[in-house]
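*Asks:* Return atomic coordinates for the entry below.
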Amino acid sequence: MKKNYVSEFAWVIAFILFFILLKTSVMGFYLVPTPSMLPNIIPGDRVMMNKLSYGLWLPFLDSPLMTWGSPKRGDVVFFESPNGQGTFVKRVIALPGDVVSFYKGIVIINGQQVSQSYMGNSPYRHYQNNVIIEENKDLHLRSHLILMSQEPGSTYFESGRFIVPPHKVFVLGDNRDSSVDSRVFGFVDEKALYGKAWFVLFSTAGNNGLFPEFRTSRFFQRVE
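*Replies:* This next block holds a predicted model:
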């Protein structure tokens, strides 16, 4: 009887350790509370994160045990914000050695503009005075959508020129006029990246209480 009890207890401990290792080293689960990544990630999305994207994290470590691969322009990444405000999700726009500047909402990398095209029939028309724009596949930047304001006086962060230091990245929110990102808190250390956004596991709208409203159209939607 005692032997069975010890065996069952060992299985429970093993399961707990496996779960901790899985959550810490392989994948994570993150509730997105803000609109800073609209239109690609919306508030209420539960996003799965691939923690093996750039290295191996182990429990109770502040940086990865080992690293492999490097972030690329266009990667949507999770990281601990440099200003200590918690876990953020943003898009990598520039890599070490890149020179970044802005002109009327257009990102300029190494003197070359990231081309943009306006998208019609946006599903986000209820965000007043915003337009959907597609940033196209150039500068090795994966094609993706961003959200920008049309309100008079909207700031496009035209001032400033940023040179990305070694082992750092420059990140932006896709909702360019409503995002706290590298324009505010500076560069992000590559070792601070927890991993890449993978897909939306599920999403809820409004009240997340006992009976939330599920957005079934977003279930298992890949993050681009």
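*Asks:* Contact partners for the nearest residue to V76 once chain neighbours are set aside?
*Replies:* The spatial neighbour of V76 that comes closest, neighbours along the chain excluded (C-beta to C-beta, 6 or more residues apart in numbering), is A197 at 4.1 Å. All C-beta spots, glycine's among them, are computed from the backbone N, C-alpha and C. By C-beta atoms under 8 Å, 6 or more residues apart in numbering, the residues touching A197 are 41, 47-50, 76-78, 89, 223.
*Asks:* Low-confidence ranges, the protein, go.
*Replies:* 1-9, 11, 14-26, 57-65, 115-159, 207-209 (pLDDT under 70).
*Asks:* Quickly run through the sheet partners of the lengthiest strand in the chain, with directions.
*Replies:* Using DSSP state E to define each element, the chain has its longest strand at strand 193-205. Under the criterion DSSP bridges, strand 193-205 sits next to strand 45-50 (antiparallel), strand 76-80 (antiparallel), strand 213-214 (antiparallel), strand 221-222 (antiparallel) in its sheet.
*Asks:* Redo these as a markdown table? Include mean neighbour count and distance to N110.
*Replies:* Rendered in a markdown table, the data for those read as follows (neighbours: other C-beta atoms under 10 Å; distance: least, C-beta to C-beta, whole Å):
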| stretch | mean neighbour count | distance to N110 |
| --- | --- | --- |
| strand 45-50 | 20 | 28 |
| strand 76-80 | 21 | 21 |
| strand 213-214 | 12 | 43 |
| strand 221-222 | 12 | 29 |
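*Asks:* Please convert these to JSON lines, extending it with distance to I108.
*Replies:* JSON lines is the format used below for the strands paired with strand 193-205 (distance: least, C-beta to C-beta, whole Å):
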{"stretch": "strand 45-50", "distance to I108": "29"}
{"stretch": "strand 76-80", "distance to I108": "21"}
{"stretch": "strand 213-214", "distance to I108": "40"}
{"stretch": "strand 221-222", "distance to I108": "29"}
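*Asks:* of all those strands, which lies closest to F185?
*Replies:* strand 76-80 (10.6 Å; C-beta to C-beta).
*Asks:* ok, and what's touching the closest one?
*Replies:* Strand 76-80 is contacted from outside by 28, 30, 37, 40-41, 49, 53, 71, 86-92, 169, 171, 188, 192-197, 223-224, using C-beta under 8 Å, 6+ apart.
*Asks:* in stretch 97-114, what counts as buried?
*Replies:* For stretch 97-114, a neighbour-count test (16 or more other C-beta atoms under 10 Å) marks 98, 100-102, 105-107, 109, 114 as buried.
*Asks:* let me fix that: stretch 170-184
*Replies:* Result for stretch 170-184 [16+ other C-beta under 10 Å]: buried residues 170-179, 181-183.
*Asks:* For R73, the count of nearby residues, please.
*Replies:* For R73, the neighbour count with other C-beta atoms under 10 Å is 18.
*Asks:* That one: what secondary structure?
*Replies:* At R73 the chain is in coil, as set by DSSP: H, G, I helix; E, B strand; the rest coil.
*Asks:* separation between it and Q85?
*Replies:* Distance of R73 to Q85, computed by C-beta to C-beta, to the nearest Å: 24 Å.
*Asks:* now do G74
*Replies:* Separation of G74 from Q85 (C-beta to C-beta): 24 Å.
*Asks:* of those two, who's got more company?
*Replies:* G74 (17 against 10).
*Asks:* Tell me if I'm right that the more buried one and V92 touch.
*Replies:* Yes - at 6.7 Å, G74 and V92 qualify as touching, with contact defined as C-beta atoms under 8 Å.
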